[in-house]
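Enquirer: based on what follows, work out the 3D shape:
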Amino acid sequence: MRGVGAAAVGVVAVVTICGCAAGGEPDAKSAATMSDAAAPDPVVASTEPEYLPGPEGALDRLADEKGWAVQDSTLYASASAFVSDICESLPVSARESSSRPQWLAESGNLDGDGKAMLQAGMPNLCPEWVPALKAAVSGNYERWYTSGTFKVVASPAPWSAGSEGEPGIAPGTYRTKGDLADCYWERTSKSGDILDNQFATSAQSITVSIRSGDGQFTSKSCGVWKPVK
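Expert: The predicted structure follows:
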């Protein structure tokens with residue numbers, strides 16, 4: 001019996017020694033195996049863009065799918081940022097000098113992919129302005145006029161500061177109201193001859209009828225001319 005016990009102790013000692021290097025420390029191979037088993041799997045970052053919930057995210061997703069790009073990426077980070085800004089600007093921007101469809105059409109907001117983004121986003125982000133957008137896109141909207149010289153044409157095209165030539169004005173009757181001071185206007189022929197003109201030192205309302213045969217209409221310091229309905 002004493003011999004069997006001694007043999008058993010010897011086996012345990014051999015097993016223990018085989019798992020350790022000199023000095024009782026685990027050998028390098030065993031340590032590496034244990035380290036590999038404990039290391040977590042590497043995290044792979046997702047390359048899919050993330051979109052906000054709601055109509056903003058839906059618009060940004062659609063813009064990415066269609067390849068739409070904002071005109072000024074330094075000003076707008078996304079399609080929804082562009083449309084949201086237009087929705088906020090419509091009630092206030094140049095409201096004294098331009099009708100709402102006119103401002104949309106002539107401020108450059110429909111250029112490039114702007115029209116597509118506004119048509120896709122405004123019904124959800126500011127549906128109350130959709131009629132103004134439709135009028136701007138169609139070109140059939142009320143035009144207001146401030147100081148300048150305007151070429152008389154049957155159907156004026158949208159005009160902005162970067163457009164060539166003179167902006168157009170359709171024949172018809174126009175009126176300006178307010179505290180008018182030193183207002184001067186004139187109707188001229190195509191050759192530049194004055195057909196009618198007026199200088200008003202002070203006035204509250206002035207009405208002018210522009211005829212189809214006129215060449216130009218010029219206004220200086222007369223406020224805003226609006227079509228008489």
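
Enquirer: where does the residue nearest the centre of the chain sit: helix, strand or coil?
Expert: Per C-alpha atoms, centre = their mean, the C-alpha nearest to the average position across the chain is that of Phe82, at 2.0 Å. Using DSSP: H, G, I helix; E, B strand; the rest coil, the structure places Phe82 in helix.

Enquirer: against Thr207, how distant is it?
Expert: 40 Å (C-beta to C-beta, to the nearest Å). Where C-beta positions appear, they are placed from N, C-alpha and C, glycine not excepted.

Enquirer: before we move on, what about Phe217?
Expert: Taking C-beta to C-beta as the measure, Phe217 falls 13 Å from Thr207.

Enquirer: low-confidence bits of this structure, can you list those?
Expert: Applying pLDDT under 70 to the chain flags the ranges 1-47, 160-163.

Enquirer: mind listing the helices for it?
Expert: 2-18, 28-38, 55-66, 79-89, 100-106, 114-125, 130-138 (DSSP state H).

Enquirer: ok, the residue lying closest to the residue nearest to the centre of the chain once chain neighbours are set aside - contacts?
Expert: Closest residue in space to Phe82, ignoring its immediate chain neighbours: Tyr76 at 4.2 Å, by C-beta to C-beta, 6 or more residues apart in numbering. Neighbouring residues of Tyr76 by C-beta atoms under 8 Å, 6 or more residues apart in numbering: 70, 82, 85.

Enquirer: rerun at 10 Å
Expert: By C-beta atoms under 10 Å, 6 or more residues apart in numbering, the residues touching Tyr76 are 69-70, 82-86, 117.

Enquirer: farthest pair in these?
Expert: Greatest spacing in those, by C-beta to C-beta: Ala69 and Ser84 (16.6 Å).

Enquirer: could you list the domains of this structure?
Expert: In the domain annotation for the chain, the residue ranges read 55-138, 148-227 (automatic domain parsing).

Enquirer: I'd assumed Gly108 was in contact with the residue nearest to the centre of the chain.
Expert: No. The criterion here is C-beta atoms under 10 Å, and Phe82 misses it with Gly108 at 11.9 Å.

Enquirer: shared neighbours of the two, anything?
Expert: Common neighbours of Phe82 and Gly108 (C-beta under 10 Å, 6+ apart) are 71-72, 114.

Enquirer: looking at the residues you listed, spot the one nearest Gly54.
Expert: Here the nearest of those to Gly54, counting by C-beta to C-beta, is Gly114; it sits at 21.5 Å.

Enquirer: with adjacent residues omitted, what lies nearest to that closest one?
Expert: Here the residue nearest Gly114, using C-beta to C-beta, 6+ apart, is Gln71, at 6.3 Å.

Enquirer: redo the domains of the chain as CSV? Include distance to Pro49.
Expert: CSV is the format used below for these (distance: least, C-beta to C-beta, whole Å):
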stretch, distance to Pro49
domain 55-138, 7
domain 148-227, 33
